[in-house]
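K.L.:
Give the three-dimensional model of this entry:
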Amino acid sequence: MVVQMGQESPTPQNIKASVTHEKPPHKGPEKGHGLFYYLLLLFFFGSFVPYLITASITCSTVKHSFREQIFNHLISVRDIKKQELENYFLDKKAATHALATSPLIVQAAATFIEAFRQGGIEGNLYQEAEINYSRMFEEFCGAYGYYDILLADAEGNIVVSAKHLPVQGKNIFTTYADTPLAEAFTRGKSGINVGDMKWHDPYKGPALFISSPLIFRLTGERNVVGVLIAHINPLKINEIMSQRPGLGESGESYLVGQDLLMRSDSRFAQEPVVLKMKVDTVASREALAGQPNCKIIRDYRDKEVLSAYAALDVSEGIRWAIVAEIDKAEALNLEDVVSTRVAYLTAAMLPLWGIILFIFYRLIKSWQRREVVYGQQTTPPYGPKA
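P.N.:
Next comes the predicted model:
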């Protein structure tokens, strides 16, 4: 070996020192760790993230579908009950108008009015009129489902009560001024009309009257001899509103007047609340303002509910709010079930994904070892020997 001038001849000690003090170049993270990180990122962005996005979209779609279905049902309940009440009032108005214009009823009313003027309800003429006609009024009252039928003359004297209640023989303006009965008489003189439901002391409860002029036609002329006032039984309205088809354990429908007081009973109250309980909610106010809608609000019990509401025009100038509701906790229970099941499924799949990731990692590492071993051999492992 030729050694150039000025250079030190390599010795084993020099070679050893060179090998000992020379630092290997920096190679970064080990190859196995890098592979694991790559697989983890591939799993995260290629499988887990798409799964979460798909599951979230599916859950949102299912929840929206559930909510829309419940709101549609509430709207259906609201509209059906609204139609029932409108038909009920139309039927009662038609029946009241038919009675008030019936020649038989008008003739009986004229007889009672004349008898009352001559001797009051204790006079002979009045007693004779009762014998001839009182049975007829009782039958009409039962047939049309009225609580009572009243006939009043033009001065406001109540000359007939089908149920023979204490109001008979009294004057409306002197005895029952500022009552729904006085309002019904005043409205009834101008045409058939439905009054608002209000508290009426003579009946010790809520009262709702339909009134119509008593028209007596003589020689072709139209003469109003008095007013027929039909007292509607509020129990029928409660019966319509208390039916809860498909409203579950917490659903109900109810009516609210313009004074924000109940016009039907609450299923959650232990006693009657008509004209006693105030309902000042988003649903009652928007419905009375003529803004039908359905949304999640807080009801009169301060509970979150799904509510569908609209206005019910009982008569000219008289509007009620009709509301159908169900507790949010019950209505959206299926949403919680879906979310919970998706969460459980995700938690159950995480170990499975981990196992699959580990298996792929081990397989790739095994393949890499084989390539390294084969690459270091000078001859094929199964080839002929040199």
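K.L.:
CA atoms for contacts and neighbours, from now on please.
P.N.:
Fine.
K.L.:
domain ranges for the chain?
P.N.:
Here the domain assignment for the chain is 65-85+244-333, 102-232, based on automatic domain parsing.
K.L.:
nearest to A95, of the ones you listed?
P.N.:
Closest approach to A95 among these (C-alpha to C-alpha): domain 102-232, 7.3 Å.
K.L.:
pLDDT of the closest one, averaged?
P.N.:
Domain 102-232 shows a mean pLDDT of 88.
K.L.:
Make a markdown table from the domains of the chain and add distance to T340 to it.
P.N.:
Shown next, in a markdown table, are the domains of the chain (distance: least, C-alpha to C-alpha, whole Å):
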| stretch | distance to T340 |
| --- | --- |
| domain 65-85+244-333 | 11 |
| domain 102-232 | 48 |
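K.L.:
A94 is nearest to which of these?
P.N.:
Per C-alpha to C-alpha, nearest to A94 of the domains of the chain: domain 102-232, 9.0 Å.
K.L.:
Not counting its neighbours along the chain, what's nearest D153?
P.N.:
Nearest non-adjacent residue to D153, counting by C-alpha to C-alpha, 6 or more residues apart in numbering: G226, 4.1 Å away.
K.L.:
Parallel or antiparallel, which strands does whatever helix or strand that neighbour lives in pair with?
P.N.:
Assessed by DSSP states H and E, G226 sits inside strand 221-232. Paired neighbours of strand 221-232 in the sheet (DSSP bridges): strand 146-153 (antiparallel), strand 205-218 (antiparallel).
K.L.:
To G317, which of these lies closest?
P.N.:
That would be strand 205-218 among the strands paired with strand 221-232, by C-alpha to C-alpha, at 14.4 Å.
K.L.:
list the buried ones in the closest one?
P.N.:
Across strand 205-218, burial judged by 16 or more other C-alpha atoms under 10 Å covers 206-216.
K.L.:
For K236, state which of the residues you listed is nearest.
P.N.:
L208 (11.3 Å).
K.L.:
quick one, what contacts that closest one?
P.N.:
L208 makes contact with 180, 194-198, 231-234 under the criterion C-alpha atoms under 8 Å, 6 or more residues apart in numbering.
K.L.:
Nearest spatial neighbour of it, chain-adjacent residues omitted?
P.N.:
M197 (4.6 Å).
K.L.:
Show me what the helix or strand containing V77 is packed up against.
P.N.:
Here V77, judged by DSSP H and E, is contained in helix 49-101. In terms of contacts (3 or more C-alpha pairs under 8 Å, 6 or more residues apart in numbering; DSSP states H and E), helix 49-101 is packed against strand 193-194, strand 205-218, strand 221-232, helix 234-242, strand 293-298, strand 304-315, strand 318-327, helix 333-376.
K.L.:
mean pLDDT lowest for which of these?
P.N.:
Across those, helix 333-376 has the smallest mean pLDDT, namely a mean of 66.
K.L.:
re earlier: run through the bridge partners of the residue nearest to D153.
P.N.:
With DSSP bridges as the rule, G226 is bridged to D153, L214.
K.L.:
picking that back up, beyond the helix holding V77, next helix or strand please.
P.N.:
helix 103-119.
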